[in-house]
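Peer 1: generate coordinates for the sequence data below:
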Amino acid sequence: MPDRKEGRQSSVATRDWVEVQEPPLYKALLHNDDYTSMEFVVSILENIFHKSPQEATRIMLNVHEKGIGVAGVYTREICETKIALVHELARQNEFPLRCSMERA
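Peer 2: As a prediction, the model looks like this:
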């Protein structure tokens, strides 16, 4: 390889573009139970998942009727954080609300 000290230039191959992949997404799922109040679920959906009151009510009814509902779709780290917040608030309010995630 030529040396610059001797007045020669070296050639360097560069890549002008880098392929970027989107991170995988995960669904945050709320699970129905017989003890958690509907009002608490709506509150969780509004405050943690930033849903409108109408959308939060629709999701809560879906969870109630079907046993499970999608609260939102996020990257893994954000989904894990939201699930931890749901579990902590549920524990503080003495509700057994369960939230899980699965690949979207």
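Peer 1: which other residues reach the longest helix anywhere in the chain?
Peer 2: In the chain, ranked by residue count with DSSP state H as the criterion, the top helix is helix 76-92. Defining contact as CB atoms under 8 Å, 6 or more residues apart in numbering, one finds that helix 76-92 is touched by 23-24, 26-28, 30, 36, 40, 44, 48-49, 71-72, 74, 96-101. Any C-beta I mention is one placed from the backbone N, CA and C, and that applies to glycine too.
Peer 1: quick one, which of the residues you listed are buried?
Peer 2: With burial judged by 16 or more other CB atoms under 10 Å, the buried subset of the contacts of helix 76-92 is 26-28, 30, 36, 40, 44, 48-49, 71-72, 74, 97-99, 101.
Peer 1: helices - which of those land there?
Peer 2: Phe40, Ile44.
Peer 1: pull the most distant pair out of the buried ones among the contacts of helix 76-92.
Peer 2: Greatest spatial distance among the buried ones among the contacts of helix 76-92 (CB to CB): Tyr26 and Phe40, at 23.0 Å.
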